[in-house]
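Asker: Provide a 3D model corresponding to the input given below.
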Amino acid sequence: MWEGKHRRALCVDARDLIRQPRLRRASRLFLAASVGCLKFTGGALGANDTWTSGSGFWTGSDNADWSLGSPPAAGDNAELTDNDGISRTITYDYYDPSVTLSTVTVANLGSGTNELSLPYSDFTLSAQTENVASVDDHDTSNGEILQSAGYNNVSGSLNLGIYEGDSGLYSLQGGTLSVTASGGSEVVGFGGTFNQTGGLNTLPMGGGAFVQVNGIYSLSSTGQLSVLGYDLIGDQGIGTFVQSGGTNQISFSISKPNGGFFLGYGTSDVGSYTLSAGNLNVTGTDETIGSDGRGSFFQTGGTNSITAGQLGLGGDYGSSGYYSLSASGNLNVSGYPEIIGLYGSGTFVQSGGTNSISGTDLEIASAYTGTGSYSLRDCFKTM
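Answerer: Just a heads-up that it's a prediction; the model follows:
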C-alpha cells in the first residue's frame, strides 16, 4: 500500500494466488511475498484518443468529438476524461466487434461525472483494461459505466474506484460483462461500487481469475455473477457484498485449478456478506469466513450452498469468523465439514432457518489453535 501523501492503491497479482493442499481438510491460500502495486495506465503502443465534447454518441456525426478526429482504433487508449463540473454521457454505438482497445478510462477529475452507456444489444465493447474513476493516486475522480444490453469484453482487468476518494460505479442491468482472459480480474476498490440488478457478470477462464471487493458489490433481482476462480471480499481493505436476489456462483475445477470464497482475506482485512434472497453457490472449493482477517456472514433468507467444499469460520491463526443464520435462510454443506473455528476463532449463531450438513460432520475448534461456539435457538439444524 502507498501511505503518506499517496492514497492507498490495491496491490495484488493474480498469478500469485496459489491453491495449496488441504490442511486438516481446509484449503489455504498464500500470496507470494513479491506482490506489486497495480498502476492502471494506458498501453505503451496505442495512441491516446480523448473525448472532447459533452454528451454524445461514440461514433457520432462530428469527428471533432475525438482528439484524433475519429473514434479510437484497435490498440488505442480511449480517454473519456475531463476536469470540469459537467456531467456527460457517451453512448457506445461502435459497429465492429473485432476492434479491441488497449484501455478505456472513464473519469472526471472535477465535480462532474463522466458516464459510458452501453444500451444496445447488438454492439460489443472490447478492451484489455477498463478504468472507472481510477486515474492516479493524487486526484479524486468520478466515473460510471451503465450497461443495460450488449456485451463488454475485458481481456485483462476492470478497475472501479481503486483510490480512496474516487467514486467509480458499474451498473449492470442487462447484457453480459465478461473478463475473458485466464487470470483476469475485477477490482472494486476503496471508492468503487458494483450494482448488478440483471445481466451476467462472468469470469469464465480460471487461471487465478478473481473478483476483489474493497468497496461495495450489490447483487439483486435477476443478476448473475459467475466466477471460475476467487471471490475476495475484503482484500487489502474493507469489502461489503450485499445480495438480495440473483445468483452468485463460485466454482473450482481440476482443469482450472484456482478458486475460493473468502471474507477478510489478509490479516488486517474485513469482509462482510449479507444474503437476504437469491442463491450463493460455492462448488468444488471452500467458503472461508475470516481467512486471515475478520469475516462476517449475515443470512436472513436465500440459499447458501457449499458443494464438495467446506465451510470454515476463522481460517488461520489470529483470524475470526462470524455466521448469523436467521429467518428463512437455508445453509447447505455437503462433502466436507462445516468447521467453526479452524485455526482461528469461529462463532455461529442460529436463530432461524435451516443448517443442513450432509455426508460429513460439524466440527467446533477443529485445530489445536482454534476456538469455536455454536448457539442454536428455536430452529432446525439437520445432519
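Asker: quick one: average pLDDT of stretch 221-240?
Answerer: Mean per-residue pLDDT for stretch 221-240: 95.
Asker: just stretch 331-343 next, same as before
Answerer: Rounded mean pLDDT across stretch 331-343 is 96.
Asker: same thing with stretch 194-210?
Answerer: 90.
Asker: gap between the two ends of it?
Answerer: End-to-end span of stretch 194-210 (Cα to Cα, to the nearest Å): 15 Å.
Asker: please name the nearest non-neighbouring residue to residue 317.
Answerer: Closest residue to residue 317 apart from its sequence neighbours, by Cβ to Cβ, 6 or more residues apart in numbering: residue 343 at 5.1 Å. Every residue, glycine included, has its C-beta placed from N, CA and C.
Asker: ok, now residue 271?
Answerer: Nearest to residue 271 is residue 234, by Cβ to Cβ, 6+ apart, at 2.8 Å.
Asker: that neighbour against residue 268, yeah?
Answerer: No. Using Cβ atoms under 8 Å, residue 234 is not in contact with residue 268; the gap is 9.6 Å.
Asker: I'd like the distance between the residue nearest to residue 119 when sequence neighbours are not counted and residue 170.
Answerer: Leaving aside its sequence neighbours, residue 119 sits nearest to residue 148 (Cβ to Cβ, 6+ apart; 5.1 Å). Separation of residue 148 from residue 170 (Cβ to Cβ, to the nearest Å): 12 Å.
Asker: out of these two, which sits in the busier spot?
Answerer: Taking neighbours as other Cβ atoms under 10 Å, residue 148 and residue 170 compare with residue 170 leading, 27 against 17.
Asker: now the common contact residues for residue 234 and residue 268.
Answerer: residue 293 (Cβ atoms under 8 Å, 6 or more residues apart in numbering).
Asker: out of those two, which sits in the busier spot?
Answerer: Taking other Cβ under 10 Å, residue 234 and residue 268 do not tie; residue 234 has more neighbours (29 against 14).
Asker: show me what contacts that one?
Answerer: 213-214, 262-265, 269-272, 293-295.
Asker: go with 10 Å
Answerer: 212-214, 240-241, 262-266, 268-273, 290-291, 293-296 (Cβ atoms under 10 Å, 6 or more residues apart in numbering).
Asker: now the buried members of those residues.
Answerer: Among the contacts of residue 234, the ones that count as buried by 16 or more other Cβ atoms under 10 Å are 212-214, 240-241, 262-266, 269-273, 290-291, 293-296.
Asker: if we can go back for a sec, got the phi/psi numbers for the residue nearest to residue 119?
Answerer: Phi and psi for residue 148, reported as degrees, to the nearest 10, are phi -110, psi -10.
Asker: over to residue 65?
Answerer: phi -70, psi -20.
Asker: what's the distance between it and residue 122?
Answerer: With Cβ to Cβ as the criterion, residue 65 and residue 122 are 22 Å apart.
Asker: between those two, which one's more packed in?
Answerer: residue 65 (20 against 10).
Asker: hmm, the more buried one is touching residue 90, no?
Answerer: Yes. If you go by Cβ atoms under 10 Å, residue 65 and residue 90 touch, sitting 8.5 Å apart.
Asker: correct me, but residue 377 touches residue 353?
Answerer: No. In this structure, residue 377 is not within contact of residue 353 by Cβ under 10 Å, at 11.1 Å.
Asker: ok, and the closest residue to residue 106 other than its chain neighbours, which helix or strand is that part of?
Answerer: Excluding its sequence neighbours, the residue lying closest to residue 106 (Cβ to Cβ, 6+ apart) is residue 143, at 4.0 Å. Using DSSP states H and E, residue 143 falls within strand 142-147.
Asker: do the same with residue 301
Answerer: Per DSSP H and E, there is no helix or strand for residue 301.
Asker: over to residue 304?
Answerer: strand 303-313.
Asker: what mean pLDDT does that strand have?
Answerer: Across strand 303-313, the average pLDDT comes to 96.
Asker: what residues sit buried inside it?
Answerer: 303, 304, 305, 306, 307, 309, 310, 311, 312, 313.
Asker: so where's the stretch 151-300 of the chain uncertain?
Answerer: Filtered on pLDDT under 70, the stretch 151-300 of the chain yields the residue ranges 253-258.
Asker: show me the helices in it, by range?
Answerer: Listed in chain order, the stretch 151-300 of the chain contains no helices at all (DSSP state H, counting those that start in this stretch).
Asker: okay, buried residues for stretch 162-169 please.
Answerer: Of the residues in stretch 162-169, 162, 163, 164, 166, 167, 168, 169 count as buried by neighbour count, 16+ other Cβ under 10 Å.
Asker: re the thing from before, mind putting the buried residues of strand 303-313 in TSV, distance to residue 277 included?
Answerer: Shown next, in TSV, are those (distance: Cβ to Cβ, whole Å):
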residue	distance to residue 277
303	9
304	12
305	14
306	18
307	20
309	23
310	25
311	20
312	24
313	23
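Asker: from those residues, pick the one nearest residue 50.
Answerer: residue 304 (45.6 Å; Cβ to Cβ).
Asker: so what sits opposite that closest one in the bridge?
Answerer: For residue 304, the beta-bridge partners are residue 280, residue 331 (DSSP bridges).
Asker: thanks again, I'm all set now.
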